[in-house]
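>>> Show me how the following folds:
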Amino acid sequence: MQTVTVEDAQSRLAELIDKLSAGEEIVITRDDKPVATLRATPPASPRQSRRLSTLKGSVLYVAPDFDSIPEGFEE
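Purely as a prediction, here's the structure:
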C-alpha cells in the first residue's frame with residue numbers, strides 16, 4: 001500500500017491512476033493522517049447476451065379481471 005500527500009496527489013493524479021493495478025490501493029494523507037483512499041476498480045466483465053424465451057411458460061395463472069378497471073378509477 002502506497003501513501004502520498006494531498007499535494008502530491010493533486011499534482012500527479014493522472015499518473016497515480018495509470019499506475020494502479022487491480023486490487024491495489026493508494027492512501028492519500030494530510031498531516032500524516034489518512035484522508036482518502038484511491039482504489040482501482042476491477043475490469044468490467046463482458047455482458048452475456050440475453051436469451052429469449054427464458055421465462056416462457058412461467059405465468060401459470062391470469063385472473064379473469066386482469067385488464068378490467070378497478071372501482072373508483074373509472075375516470
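
>>> pLDDT-wise, which helix or strand of the chain ranks last?
Least confident helix or strand of the chain, by mean pLDDT, DSSP states H and E, is helix 13-19 with a mean of 89.

>>> Let me see the mean pLDDT of the helix or strand following it.
Where DSSP states H and E defines the elements, the next helix or strand beyond helix 13-19 is strand 25-30. Average pLDDT, strand 25-30: 93.

>>> Pairing partners for strand 25-30, with directions?
On the basis of DSSP bridges, the sheet neighbours of strand 25-30 come out as strand 2-5 (parallel), strand 33-39 (antiparallel).

>>> Compare the ones you listed and give me the one nearest E15.
E15 lies closest to strand 2-5 among the strands paired with strand 25-30, at 10.4 Å (C-beta to C-beta). Bear in mind the C-beta positions are built from the backbone N, C-alpha and C, glycine included.

>>> Show me what the mean pLDDT comes to for that closest one.
Over the span of strand 2-5, the pLDDT mean works out to 91.

>>> May I see the buried residues of it?
V4 (16 or more other C-beta atoms under 10 Å).

>>> What are the buried residues along whatever helix or strand comes next after that strand?
Once strand 2-5 ends, the next helix or strand along the chain (criterion: DSSP H and E) is helix 6-11. Burial within helix 6-11, assessed by neighbour count using 16+ other C-beta under 10 Å, is assigned to A9.

>>> Show residues contacting the least confident helix or strand of the chain.
Helix 13-19 is contacted from outside by 4, 9, 26, 38, using C-beta atoms under 8 Å, 6 or more residues apart in numbering.

>>> Alright, I will stop here.
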